[in-house]
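In: Need the 3D shape of this:
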Amino acid sequence: MNNLIIRADDLGYSKGVNYGIYESIKNGIINNVGVMVNMADTKHGLNLLKDFDIDIGMHTVICAGKPISDPNLIPSLVTEDGYFKASKTYRQTDHDLVNLDEVVIEIEAQYQYFLKLVGKKPAYFEAHAVYSNNLLKGLKIVADKYDLPLLPFDLNLDPVKFKKNTTITSFMDSMKPNYNPYTTFNNAINFAKNCPTNNVPMMVCHPGFLDQSILNQSSLTLPRPQEVAFLCDSKTRFQVIDKNIHLVRYSELS
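Out: Below you'll find the predicted structure:
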């Protein structure tokens, strides 16, 4: 049996995204979901998933929606209207815009709100869309404080350490031109077949249906419904069975 993580990011981003993730669990192969706790549609998404036995992670956000903490306490992260700076703001600069002390305030506020919404610690703990050294440092500070399973983010998708005994290698191609989720899936499966059991490939997906809210907020559009179709395709499920793949949950890893 070969382990493979397949994860759905962005629960809460919009109702369309929520319904796409719901479909990918009910009729597909998703069993790990990352929630954006600060978004207007977060409670809607969690309500859709309340009857499913899945792992829910905290997909920490500093580039969409409003913060959970007081915007006056985190001026480096927000615009004048109190919303988070957009991800393109971070991509367009060559220095770290994030203040470490401020981002720790917001990460901790999001974690406490996660506990309130979900009722238990996240199965994994990581960040959405922004690569920032201070964001990563802030995540580690909060993870260490509350003993949370931090999943580091590597810009080059190099292997990262998860928990004590597991290494995770990411496969995330949805931002690339001519994206084909079946190709990424096959690459992840081939990796799983040829690596030690404690080195687990992870295919990061962003399933969702397109609505006006997500079109207004995200540059990732067409790959979302493509991934819903892929995740719910009977051929995909057959591949999992035929290749002797175990769709592992983060909570199973040590």
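
In: Count the neighbours of the nearest residue to Tyr124 once chain neighbours are set aside for me.
Out: Computed as Cβ to Cβ, 6 or more residues apart in numbering, the closest residue to Tyr124 that is not its neighbour in sequence is Gly57, at 3.9 Å. Glycine gets a C-beta too; all of them are placed from N, C-alpha and C. Residue neighbour count, defined by other Cβ atoms under 10 Å, stands at 27 for Gly57.

In: contact partners of the helix or strand where Gly57 lies?
Out: In this structure, Gly57 sits in strand 55-60 according to DSSP states H and E. Here strand 55-60 makes contact (Cβ atoms under 8 Å, 6 or more residues apart in numbering) with 7, 9-11, 31-37, 49, 107, 110-111, 114, 118, 122-128, 135, 139, 148, 151, 249-251.

In: Next step: these restricted to helices.
Out: Taking DSSP state H, the ones among the contacts of strand 55-60 that sit in helices are Ile107, Gln110, Tyr111, Phe114, Val118, Leu135, Leu139.

In: returning to that earlier point: of the contacts of strand 55-60, which belong to strands?
Out: Arg7, Asp9, Asp10, Leu11, Asn32, Val33, Gly34, Val35, Phe125, Glu126, Ala127 (DSSP state E).

In: so which of those comes closest to Asp158?
Out: Asp158 has its nearest neighbour among these in Glu126, at 15.0 Å by Cβ to Cβ.

In: what's across from the closest one in the sheet?
Out: In this structure, Glu126 bridges to His59 when assessed by DSSP bridges.

In: And it, how close does it get to Met39?
Out: Per Cβ to Cβ, to the nearest Å, Glu126 is found 16 Å from Met39.

In: and if you look at Asn198?
Out: In terms of Cβ to Cβ, Asn198 sits 34 Å off from Met39.

In: Between those two, point out the one with more neighbours.
Out: Ranked by neighbour count (other Cβ under 10 Å), Asn198 and Met39 place Met39 first, with 24 against 13.

In: Val160 and Thr166 touch, don't they?
Out: No: contact between Val160 and Thr166 fails when scored by Cβ atoms under 8 Å: they sit 9.5 Å apart.

In: More neighbours: which of those two?
Out: Shown here are Val160 and Thr166; by other Cβ under 10 Å, Thr166 has more neighbours (21 against 17).
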